[in-house]
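# quick check, what structure comes out for this input:
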Amino acid sequence: MAHARDHLGRLLLPLAAGAAGLCVAAMPGCDYMAAAAYVIEGPPKVERQFELDDTKKVVVFVDDRSGTMPRKGLRRVIGQTAEETLLAEKALKAELVIPSAAAIAAVTQEKRGEPLSVVEVGRTVGADVVVYVNVEKFTLSRDGVGAGNQPFAVAYVKVFDTASNRRIWPPESLGKPIMYTAAAGTQAPETLGERAKAEDALAKRLGLEVARLFFTYERDGASKRGTQL
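Numbers count the residues shown, from 1 in each chain. As a prediction, this is how the structure comes out:
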């Protein structure tokens, strides 16, 4: 096995050297050591930002009190995508996940002028932990021009513990900001059906980026557009 690894290393080193040379020639100041490591080790991983307790019941609560999203149903899409991704990545146990739709339903029962706090929403649905997602931006055209169609979304994420009635992550007051910007399209949606489909796609992507805060994943081309602000 050691001989095989040495042989593989000798095969990869010229590739790494070539990548480093291209890097230096194309961009002054480029880190050729990083280029070599990329060739030898593969794409870098993006580390999780926070580890959810897999012994506690968790609910993803997507909020849009400012009305930035065009349809209320998009909150459900974001939450469901986030929880399904967390389950698929084994960041949560199925028996401890409370559907995000339950949190949205709880908010509809609020009394006029008496909104529930995030912790109260969690307690209402029986959750120990609330992953709170506050959507700040959600648009299919970042620059507001139809011809420059570019879906764009921003959300702030916080994690609350309902037993202690406090936020447990992150320490910053606004929460953890995440942003997703899609590649600019050549044409904006022309029909209501096309627009709804594009909105659903953006909501699903935002849900994925929310989930990615809680597990380690391989960086890919798309993930570069889903970033922390």
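# distance of Ser100 relative to Leu74?
According to C-beta to C-beta, to the nearest Å, Ser100 stands 12 Å off from Leu74. All C-beta atoms are positioned from the backbone trio N, CA, C, and that covers glycine.
# compare the two and say which one has the larger neighbour count.
Using other C-beta atoms under 10 Å, the more surrounded residue of Ser100 and Leu74 is Ser100, with 27 against 24.
# wait, what's in contact with that one?
59-62, 75-76, 78-80, 82-83 (C-beta atoms under 8 Å, 6 or more residues apart in numbering).
# and those, which is closest to Leu202?
Ile78 (9.3 Å; C-beta to C-beta).
# for that closest one, what are phi and psi?
With angles defined as degrees, to the nearest 10, Ile78 sits at phi -60, psi -50.
# re earlier: now, which of the contacts of Ser100 lie within strands?
Judged by DSSP state E, strands contain the following of the contacts of Ser100: 59-62.
# okay, and the beta partners of Gln150?
Note on Gln150: beta-bridge partners Ser141, judged by DSSP bridges.
# what do you get for Val46?
Going by DSSP bridges, Val46 forms beta bridges with Tyr217.
# farthest-separated two in the ones in strands among the contacts of Ser100?
Val59 and Val62 (10.2 Å).
# tell me, what's touching those two both at once?
Joint contacts of Val59 and Val62 (C-beta under 8 Å, 6+ apart) are 100, 103.
# picking up where we left off before, can you lay out the contacts of Ser100 as CSV showing pLDDT and neighbour count?
As requested, the contacts of Ser100 are arranged in CSV below (pLDDT from 0 to 100; neighbours: other C-beta atoms under 10 Å):
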residue, pLDDT, neighbour count
Val59, 98, 28
Val60, 98, 28
Phe61, 98, 25
Val62, 98, 29
Arg75, 97, 23
Arg76, 97, 19
Ile78, 98, 29
Gly79, 98, 26
Gln80, 98, 18
Ala82, 98, 26
Glu83, 97, 25
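# so which of those comes closest to Glu209?
Closest approach between the contacts of Ser100 and Glu209, by C-beta to C-beta: Ala82, at 8.7 Å.
# got a list of what the closest one touches?
60, 62, 100, 131, 133, 207-208, 210-211.
# quick one, domains of the protein?
Listed domain ranges for the chain are 2-42, 58-228 (source: automatic domain parsing).
# between those, which gets nearest to Phe50?
With C-beta to C-beta, the closest approach to Phe50 among the domains of the chain belongs to domain 58-228: 4.6 Å.
# so where's this protein uncertain?
Along the chain, the parts satisfying pLDDT under 70 run over 1-43, 144-148, 185-186, 220-229.
# what about the strands in it?
Going by DSSP E, the chain shows strands at 45-46, 58-63, 97-98, 129-139, 152-161, 166-169, 176-181, 217-218, 226-228.
# what's around the closest residue to Gly175 other than its chain neighbours, how many residues?
Excluding its sequence neighbours, the residue lying closest to Gly175 (C-beta to C-beta, 6 or more residues apart in numbering) is Tyr156, at 3.7 Å. Counted with other C-beta under 10 Å, the neighbours of Tyr156 add up to 19.
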